[in-house]
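**Student:** need coordinates for the below:
(one chain, ligands or ions: 1)
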Amino acid sequence: MKRLSGLTTHLEDQSILETERQLLLDLGNDITRIRDKNDLIVLFSKRIKSLFYFTHTIITLIDRKDETYIPFLLDHQASAIKDHPAYATMVGSRFTLSEPFIQTVLAAKEPVDFRLDEVMQAPQSPAFLRVNFEKGIRHVLMTTLRIEDRPIGFIHIYTDCDQPFSKDFQAVIERISPQLSSAVANIIKNEEILKKESEKSFLLDFSNAITAVRTQEELAVVVKTALRKLNPDGGYVIRKINPDGITMSAYLHDTGSSTFDKALLERVLAEKYPINDGLQNRVLDSFIPLLFTVERELDRGYSLSYLDLWKNMGFKTMVGLALRNGNTNIGLLWLSIDEINIPILQGLCSQVAIAMGNIMANEDILRRQAEQALMLAFSNELTGVKTKADLDYVTSQTLQSLFNTRIAVLYLLAEDQVTLRPFLFDKQFFDEQEMQERIDFYSLKVSETHVKQVFESTQPLLLEIDEHVEAKCLKLSIQREQRKYKNVYAAALRLGEQDLGMLWMLGEQINGPLLEAICAQISTAVSNVLAGEQILHLKKQLEDENDYLKEQLRTNFDEIVGSGQAMQEVYRLISLVAPSNTTVLLLGETGTGKELIAKAIHNASSRKGKLMIKVNCAALPPNLVESELFGHERGAFTGAVERRIGKFELAHNSTIFLDEIGEMPLETQVKLLRVLQEKEMERVGGKATIKLNVRVIAATNRNLEAEVKAGRFRSDLYYRLNVFPIHLPALRDRVEDMKSLADFFLSKYSKNVGKKPIKLSENALRQLQAYLWPGNVRELEHLMERSVLLNPDHLIRQFFLPSISENTAETPALGSDLSLEEVERTYIIQVLRRCQGKISGIGGAAEILGIPGNTVHSKMKKLRITKADYFGH
Ligand SMILES: Nc1ncnc2c1ncn2[C@@H]1O[C@H](COP(=O)(O)OP(=O)(O)OP(=O)(O)O)[C@@H](O)[C@H]1O
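**Tutor:** The predicted model follows:
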């Protein structure tokens, strides 16, 4: 083959020319088909080598970025220098375009032959010349590859012959160099396409795999598989920005094939790194991957445990890429990788960021669901909360499981609206006994700065437990060092607009809106517990009162004394009306026993299990009549600080006794009418209509008919009340009961003072029967009570009663200008009236007058007293 470069004959020249033409034609055809580096190698090592002698070829490519050229295609098998110790370095090196040797090549239009021993000596000559020379190479033929006159690289053809390359060979190379240039350009393009395709398919595979990812664990598998494909031995860590926004923690990691200090790895994985550590912030701020040399960063003085770990793992360089969702940084990827393929790494990171975002969103949804479930459970549990202890338990449990938080103190606003007293508190932080003993010390005032802040804020506040908070607000009885919490959360407890108290909690991280919702629930529960406590207290009080009153009622019923005709009629009416729900109107003078009878009716009705509610209409302050009867809502009028339940509502399912109904103001009469008609009412200042089942018993000593006529009492109300009137007789009209009543009271009051029952003398009884009793039974009762105390022995012989003339109402006829006969006549008529015409026997006129029956008859005859006189009025 050497012959082609040697001397030749004319004929031979002819055939050589022919061969060359054929060779060039074939080469041209072949070259245009070349798409792959190997094809080019084959072309040189097989086709050209079969015609011309040379040892090996290299193609280098120009990199305009830094004005260098780099090895692109090496015929490793044929390379004479492959055993040279510097070979590996040569292969990976860049050679400058600015030195004379390569400048000569670039300047020449045709291939240039160099003697190595000469050219390698020249200053700045590339090192590969000497390396080749050292391996026996003597000449190199250099040709510039150009595309449209623009140099793209060089063909180096080396030979160990001492002779320069023949002119023919140089001519062939010159002739084929344009095709070779195109072939190289094609190869580059093809490689780029293939690279892009492989990148695409890598990212596509990754994307397919990652779409199925739902959890952190699944993401770990997919990322590991992908990164191992890119970089089989390298390790990586993905860090996520923590919710605090200022630190990052490890999210996923792979140690690759490195060996490492396990304890150090564990420590690094558990650590929270400030984002602004000088490295991570640079990665997060960058839109391209950043490469860090571990050793150099350590030398710069960064004392970051993860740098130590990387060094320990043998990673020399680390590439950092930001993980972004849109424009938001969510974390970063650190990886040790040899080849930084920016599109692939960026594509991978953007997919990882999306997946992380989805996982976090998913976790967020799951967390919310869990929170909602907990809230629901909390709310359910709260409905069962009746006592402070229940509330303490349920609240602590929930706060612990939701926020890993401990309730420090739950303060309630005292009645003075100024002091906040501890209501619930964590026994871990406070000594119960001390808290109770020093409640004032542990209480807060609304004027305190932080307390004010909490009440003014609509949301829970996060406060650092500084000296001030600790001293002023928490007054914790345990040492700071013993607590793991650094923060305190304070939230107001409100019921509508009303401040109820506040909650102070110790915790790390609390979800504000969730805490707000919890506080609202706690507020309701607290007010329920308080109301429950109050109800229990009132219930107990009512039960006691009820027992006492029922007891009283029972006695009272037995205490209705009187078996005379008038009272028999009353009993008959009571027994008729009691079992029904009919409204009863009790009429009679003061002290005739209207209240006693009302109680008896209630007691004989099916409502007797509940307390009869009495309202004295005459004793009600005029401006509070309505509020007393119907209750009021909080704020209904000035002074209505609390909601108040009215008498009607209290009397629900029971009886209301409206005493002195005649004194009721006209405006209230309308409302009362409505209750009687519609059996419903509203509280003053309230909107809700309250249905009622109340039996009404009204009483008056007034003449209601006359009141109606005078316009002081509504006629419609009168008719509503006057459904079942019962007239109670005046005591003077039931003299037949005088003895039994007097005896009853004497024995009752004697017993009270521990005396033996006192008896009445006949004279004394007569005195009582003759008296007109303007105060009726009440007056008699008081007189008997007095007499028990004043009478020294066991018999009352005489009473000192007001003179008859003092009983002005009943003695109009007994004026001082009457004759003795007229006075006697009027007096006998009055007595007969009271005795309902009865002359002899017990309670008869003769007994009252203290004269025999016959004498009464003769006196009546003499004074012309007829039945018309005493029955006619
Ligand atoms: N029949 C009776 N038997 C025993 N005690 C009676 C009788 N009637 C009245 N009393 C007693 O007389 C006192 C006055 O009775 P009560 O208060 O019921 O009268 P009232 O008609 O309601 O008076 P007022 O119209 O002044 O309110 C009470 O202590 C009551 O117990």
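**Student:** how about the strands in the stretch 451-600 of the chain?
**Tutor:** Secondary structure of the stretch 451-600 of the chain (DSSP state E, counting those that start in this stretch): strands at 461-464, 487-495, 498-507, 584-587.
**Student:** how about this protein: which residue is closest to the ligand?
**Tutor:** Per C-beta to the nearest ligand atom, Gly593 is where the chain lies closest to the ligand, at 2.6 Å. In short, each C-beta sits where N, CA and C put it, glycine included.
**Student:** can you get me a residue count around that residue?
**Tutor:** 25 (other C-beta atoms under 10 Å).
**Student:** my guess is it contacts Leu728. True?
**Tutor:** Yes. Here Gly593 reaches Leu728: they are 5.8 Å apart, a contact under C-beta atoms under 8 Å.
**Student:** would you state the helices of the stretch 401-550 of the chain in chain order?
**Tutor:** 432-437, 439-442, 449-456, 467-468, 512-558 (DSSP state H, counting those that start in this stretch).
**Student:** columns mean neighbour count on top of those helices, output as JSON lines?
**Tutor:** Output for the helices of the stretch 401-550 of the chain, formatted as JSON lines (neighbours: other C-beta atoms under 10 Å):
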{"stretch": "helix 432-437", "mean neighbour count": "11"}
{"stretch": "helix 439-442", "mean neighbour count": "12"}
{"stretch": "helix 449-456", "mean neighbour count": "16"}
{"stretch": "helix 467-468", "mean neighbour count": "10"}
{"stretch": "helix 512-558", "mean neighbour count": "15"}
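**Student:** could you dump those helices to CSV with distance to Lys311 and mean pLDDT?
**Tutor:** Below are these laid out as CSV (distance: least, C-beta to C-beta, whole Å; pLDDT from 0 to 100):
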stretch, distance to Lys311, mean pLDDT
helix 432-437, 55, 85
helix 439-442, 54, 87
helix 449-456, 48, 88
helix 467-468, 42, 71
helix 512-558, 42, 72
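**Student:** adding distance to Glu371, write those out as a markdown table.
**Tutor:** Output for those, formatted as a markdown table (distance: least, C-beta to C-beta, whole Å):
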| stretch | distance to Glu371 |
| --- | --- |
| helix 432-437 | 31 |
| helix 439-442 | 32 |
| helix 449-456 | 23 |
| helix 467-468 | 32 |
| helix 512-558 | 6 |
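**Student:** got a markdown table for the ones you listed, with distance to the ligand too?
**Tutor:** A markdown table is the format used below for the helices of the stretch 401-550 of the chain (distance: least, C-beta to the nearest ligand atom, whole Å):
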| stretch | distance to the ligand |
| --- | --- |
| helix 432-437 | 48 |
| helix 439-442 | 47 |
| helix 449-456 | 51 |
| helix 467-468 | 65 |
| helix 512-558 | 7 |
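**Student:** hey, where'd the strands end up in the stretch 751-873 of the chain?
**Tutor:** Along the stretch 751-873 of the chain, the segments classed as strands by DSSP E, counting those that start in this stretch run 759-760, 795-796.
**Student:** do you know how far the residue of the chain closest to the ligand is from Ala604?
**Tutor:** Applying C-beta to C-beta, to the nearest Å, the value for Gly593 to Ala604 is 15 Å.
**Student:** what number of residues lie near Leu650?
**Tutor:** 16.
**Student:** closest one to Glu649 among the strands of the stretch 751-873 of the chain?
**Tutor:** Among the strands of the stretch 751-873 of the chain, the nearest to Glu649 by C-beta to C-beta is strand 759-760 (47.3 Å).
**Student:** residue contacts, Tyr251?
**Tutor:** Gln216, Ile238, Arg239, Lys240, Gly331, Met356 (C-beta atoms under 8 Å, 6 or more residues apart in numbering).
**Student:** quick one: which of the residues you listed sit in strands?
**Tutor:** Members of the contacts of Tyr251 lying in strands (criterion: DSSP state E): Ile238, Arg239, Lys240, Gly331.
**Student:** dump the strands of the stretch 451-600 of the chain into CSV; add mean neighbour count, distance to the ligand and mean pLDDT as well.
**Tutor:** Below are those laid out as CSV (neighbours: other C-beta atoms under 10 Å; distance: least, C-beta to the nearest ligand atom, whole Å; pLDDT from 0 to 100):
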stretch, mean neighbour count, distance to the ligand, mean pLDDT
strand 461-464, 14, 60, 80
strand 487-495, 21, 43, 87
strand 498-507, 22, 42, 87
strand 584-587, 24, 7, 96
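**Student:** export those strands as TSV, with columns for distance to Ala108.
**Tutor:** Formatted as TSV, the strands of the stretch 451-600 of the chain follow (distance: least, C-beta to C-beta, whole Å):
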stretch	distance to Ala108
strand 461-464	77
strand 487-495	77
strand 498-507	79
strand 584-587	136
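**Student:** element containing Ala373, please.
**Tutor:** Assigned by DSSP states H and E, Ala373 falls within helix 342-383.
**Student:** packing partners of that helix?
**Tutor:** Packing partners of helix 342-383 (3 or more C-beta pairs under 8 Å, 6 or more residues apart in numbering; DSSP states H and E): helix 167-211, helix 216-230, strand 236-241, strand 317-325, strand 328-335, helix 388-403, helix 512-558.
**Student:** next one: it to chain centre, how far?
**Tutor:** Helix 342-383 has its C-alpha centroid displaced from the chain centroid by 19 Å (C-alpha atoms, centre = their mean, to the nearest Å).
**Student:** tilt between it and strand 317-325?
**Tutor:** 50 degrees (axes from the mean of the first three to the mean of the last three C-alpha atoms, to 10 degrees).
**Student:** picking up where we left off before, can you lay out the contacts of Tyr251 as a markdown table showing pLDDT?
**Tutor:** Converted to a markdown table, those look like this (pLDDT from 0 to 100):
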| residue | pLDDT |
| --- | --- |
| Gln216 | 92 |
| Ile238 | 95 |
| Arg239 | 95 |
| Lys240 | 95 |
| Gly331 | 96 |
| Met356 | 93 |
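**Student:** nearest to Ala226 among those?
**Tutor:** Among the contacts of Tyr251, and counting by C-beta to C-beta, the member closest to Ala226 is Ile238, at 12.0 Å.
**Student:** could you check how many residues crowd around the closest one?
**Tutor:** Using other C-beta under 10 Å: Ile238 sits among 27 other residues.
**Student:** quick one, strands of the stretch 1-150 of the chain?
**Tutor:** Counting by DSSP E, counting those that start in this stretch, the strands of the stretch 1-150 of the chain are 56-63, 68-74, 95-96, 112-115, 139-147, 150-159.
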